[in-house]
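Visitor: Compute the structure for the input listed below.
(one chain, ligands or ions: 1)
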Amino acid sequence: MDHQQARRELAAAFRWAARLDYHEGIANHFSAAVSDDGQEFLINTRGMHFSRAQASRLALVTTTDRASDPVAQNVDATAWILHSFIHRNVPRARCILHTHMPYATALASLKDFEFLMLDQNACRFYDRIAYDRHYAGMALEPTEGERVASLLADGKDILFLANHGVLVVADTIAQAFDELYYLEKAAQLQVIALSTGRELQIVDNETAALACKQWREYPEAAELHFAALMDILDIGSADYIK
Ligand SMILES: [Zn+2]
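Guide: Residues are numbered from 1 along each chain as shown. Take a look at the predicted model:
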């Protein structure tokens, strides 16, 4: 993808994460690879509120050599550790979105939780979720970045981080944001259904696998969704592209 277009799309993803309340002000982090080898990527700079994200305010960094890079020095330490290891070790993860969005994080904080195949949106994630069940504090050590990246090594696209949040990886920014959106929608529904205390009607594995396949083959769904979101920003919030 064109580097400037990647900047605009990633800025739009931050703006919409703020609108949908997936963010925590200046915390949480999104990145997108811009080089063919995936080693060069855009990421938010320290102190940038998600609701004020702009294309020109994103840092362009590489997966190595943070110490000598003044731009990389302006990236949050935990963001750097997590995203640099995933971009380096998981090449298919062109876009990485990490949030502590409330409903998914609530589920990630339940003991031994498995994402339930409870509705059509949830079935989109059938057999695509990995779990990190051992919260180990903030990811400030390289070993922690490497450990988290290894959890995505077997082809999973979604990672539930116990007592912490979620991480989504995808080939494009539009695809990653679409995943994040439906993940939180499905998580919200699960929290509501669990709160009733009634017996849950779980979709069987065969049907869930079918629905997942149908989701993934649905033409241009993520691209059209993200284009519509950018259209809305163009009315009144068009400075995100600056
Ligand atoms: Zn986090």
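Visitor: Secondary structure element holding the residue sitting nearest the centre point of the chain?
Guide: When the chain is reduced to its mean C-alpha position, the closest residue under C-alpha atoms, centre = their mean turns out to be residue 97, at 2.4 Å. In the assignment (DSSP states H and E), residue 97 maps to strand 95-99.
Visitor: cool, and residue 18?
Guide: If you go by DSSP H and E, residue 18 is part of helix 3-19.
Visitor: For residue 89, grab the count of nearby residues.
Guide: Residues near residue 89, counting by other C-beta atoms under 10 Å, number 17. Using the backbone N, CA and C atoms, a C-beta is placed for each residue, glycine as well.
Visitor: From the chain's centroid, how far away is the helix or strand bottoming out on mean pLDDT in the chain?
Guide: Scoring the helices and strands of the chain by mean pLDDT, DSSP states H and E places helix 142-150 at the bottom, with a mean of 86. Offset of helix 142-150 from its chain centre (C-alpha atoms, centre = their mean, to the nearest Å): 17 Å.
Visitor: after the lengthiest helix in the chain comes which helix or strand?
Guide: The residue-count maximum for a helix in the chain (DSSP state H) belongs to helix 173-195. Once the chain leaves helix 173-195, the next helix or strand it forms, by DSSP H and E, is helix 205-217.
Visitor: Would you mind pulling up the elements that that following helix packs against?
Guide: In terms of contacts (3 or more C-beta pairs under 8 Å, 6 or more residues apart in numbering; DSSP states H and E), helix 205-217 is packed against helix 120-123.
Visitor: and the helix it packs on, what's its mean pLDDT?
Guide: Across helix 120-123, pLDDT averages out at 98.
Visitor: Quick check: which ranges of the protein have low pLDDT?
Guide: 1, 65, 67-68 (pLDDT under 70).
Visitor: before we move on, back to that, paired strands for the strand holding residue 97, with orientation please.
Guide: Strand 95-99 has its sheet partners listed here by DSSP bridges as strand 29-33 (antiparallel), strand 165-170 (antiparallel).
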